[in-house]
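S.K.: Predicted model follows, preceded by the sequence.
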Amino acid sequence: MTCNWLRFTLNPLLIFLTLSLGAQETRLRLVFTGDIMGHDTQIASALATGGPGYDYNPCFQFLTPYLMDADLVIGNLEVTFAGPPYKGYPQFSSPDELADALKEAGFDILVTANNHALDGRQAGLERTLDQLDRRELLHLGTFKDAEERSSYYPLVVEKNGIRIALLNYTYGTNGLKVEPPAIVNRIDTVLMLRDLQKAALAQPDFILVTMHWGNEYALSESTVQQELARFLFRHGTDAIIGSHPHVIQPIRGNQSGDLVAYSMGNLISNQRNRYRDGGIAFELNLLKGPGGAEIEDHGYLPLWVFKPATSKGTLFTLVPASADPSAFNGFEMTAQDRASMDQFLSDTRAMLQGHREVEPAWLEQP
């Protein structure tokens, strides 16, 4: 996807991104992805397969055409770019080349309010935002100070004549306290209500909230998640997209004001247990016409983390779980790999039964 972004402040409260005016009836296709992680094995793989430096582009090689075809791609960045020494769990600091690869793969916006936002403390938070700014990757959820939050949050994006307001919150930061003046958006209904009221001032067609919430590895949403979802919908939210549990949780609802994807699971990580070795891309298709704006459709694309052995070492690469392995450019999938991918696909379809599954039509299949 090639875009020329024009970034400007329309008023002191909100930042707008305007690309093109829509026709009388216009559509916008958004893709959200789950947790972008950076375990030690991922860092080692990026170095081994990258030549003189780190190369994360292979991670997204089979997903890039899909992302580039979307109007906007939003991912949950669950690492920091705090600089060397690079390290994985429990306090992530990934090489800056991961940001390059995300940009090249088609990501436009990264949400940064999650439990690893303070892994690099204040300096790491600031450096992460600087690295995203250098690559013109928009972001929301963490801020250097109150002035930055006031000026750039909620994030309002306009494209194809459709205006969306994006908000992002996390349940916590692994016990690490924010050092002023930095800010990490926490789940707080008083704060969230104020932000939703501010978002409404921009007269968006849709208000979308990304939530880092729930219980790790739980295959169903908690009562707390359900209560928060009801609160958000009561106060003008059109759809909620969740992360954190590292497994896929149900999608509930179908339309503006009740659609929630409780957890998309992992996008890319080294978690290999059942349910954790993949996730979904969650697709929202928005429509605006003479009769108003609505969520026309939604769907999910099951994505599995494939780790083929190569001459340079073990590779990490995302593959659509429903695709035939022969479409993966000659990478050989073992019987065990195929069984694990098929199990993930079966589990995902069972979890999300009744919702549209996106077909990987961009891959050449026999």
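M.R.: Received, thanks.

S.K.: Just read off the phi/psi values of L72.
M.R.: Torsion angles at L72 (phi, psi; degrees, to the nearest 10) stand at phi -140, psi 140.

S.K.: residue contacts, it?
M.R.: L72 makes contact with L28, R29, L30, V31, D108, I109, V157, K159, according to CB atoms under 8 Å, 6 or more residues apart in numbering. For every residue, glycine as well, the C-beta is placed using N, CA and C.

S.K.: ok, the second one touching N285?
M.R.: Okay, so that is R29. Yes: counting by CB atoms under 8 Å, a contact exists between R29 and N285, whose distance comes to 5.3 Å.

S.K.: I'd like the contacts of L72 as JSON lines, with secondary structure and neighbour count appended.
M.R.: Compiled in JSON lines, the contacts of L72 are given as follows (DSSP: H, G, I helix; E, B strand; the rest coil; neighbours: other CB atoms under 10 Å):
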{"residue": "L28", "secondary structure": "strand", "neighbour count": "25"}
{"residue": "R29", "secondary structure": "strand", "neighbour count": "16"}
{"residue": "L30", "secondary structure": "strand", "neighbour count": "26"}
{"residue": "V31", "secondary structure": "strand", "neighbour count": "24"}
{"residue": "D108", "secondary structure": "coil", "neighbour count": "24"}
{"residue": "I109", "secondary structure": "strand", "neighbour count": "22"}
{"residue": "V157", "secondary structure": "strand", "neighbour count": "26"}
{"residue": "K159", "secondary structure": "strand", "neighbour count": "21"}
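
S.K.: Mind putting those into TSV with pLDDT and distance to P204?
M.R.: Listed next are the contacts of L72 as TSV, based on pLDDT from 0 to 100; distance: CB to CB, whole Å:
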residue	pLDDT	distance to P204
L28	98	12
R29	98	17
L30	98	13
V31	98	19
D108	98	17
I109	98	15
V157	97	9
K159	96	12
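
S.K.: just these now: which is nearest D258?
M.R.: In terms of CB to CB, no member of the contacts of L72 lies closer to D258 than L30, at 17.4 Å.

S.K.: Reformat the contacts of L72 into TSV and put distance to A339 next to each item.
M.R.: Formatted as TSV, the entries for these read as follows, by distance: CB to CB, whole Å:
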residue	distance to A339
L28	38
R29	33
L30	33
V31	28
D108	35
I109	35
V157	41
K159	41
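
S.K.: What segments of the stretch 201-350 of the chain are helices?
M.R.: Ranges of helices in the stretch 201-350 of the chain, per DSSP state H, counting those that start in this stretch, are 223-234, 335-351.

S.K.: Serialize those to CSV and add fields for mean pLDDT and mean neighbour count.
M.R.: Conversion of the helices of the stretch 201-350 of the chain to CSV gives the following (pLDDT from 0 to 100; neighbours: other CB atoms under 10 Å):
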stretch, mean pLDDT, mean neighbour count
helix 223-234, 98, 16
helix 335-351, 97, 16
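
S.K.: Which one, of these, ends up nearest to M68?
M.R.: Between M68 and the helices of the stretch 201-350 of the chain, the shortest gap by CB to CB is with helix 335-351, which sits at 23.4 Å.

S.K.: other SSEs contacting the closest one?
M.R.: Helix 335-351 is packed against strand 278-289, strand 292-306, with contacts defined by 3 or more CB pairs under 8 Å, 6 or more residues apart in numbering; DSSP states H and E.

S.K.: buried set for stretch 261-281?
M.R.: Across stretch 261-281, burial judged by 16 or more other CB atoms under 10 Å covers 261-271, 275-281.

S.K.: got the end-to-end distance for that stretch?
M.R.: Chord length of stretch 261-281, first to last residue, is 10 Å (CA to CA, to the nearest Å).

S.K.: How far off centre is that stretch?
M.R.: Remark: stretch 261-281 is offset 12 Å from the chain centroid, using CA atoms, centre = their mean, to the nearest Å.
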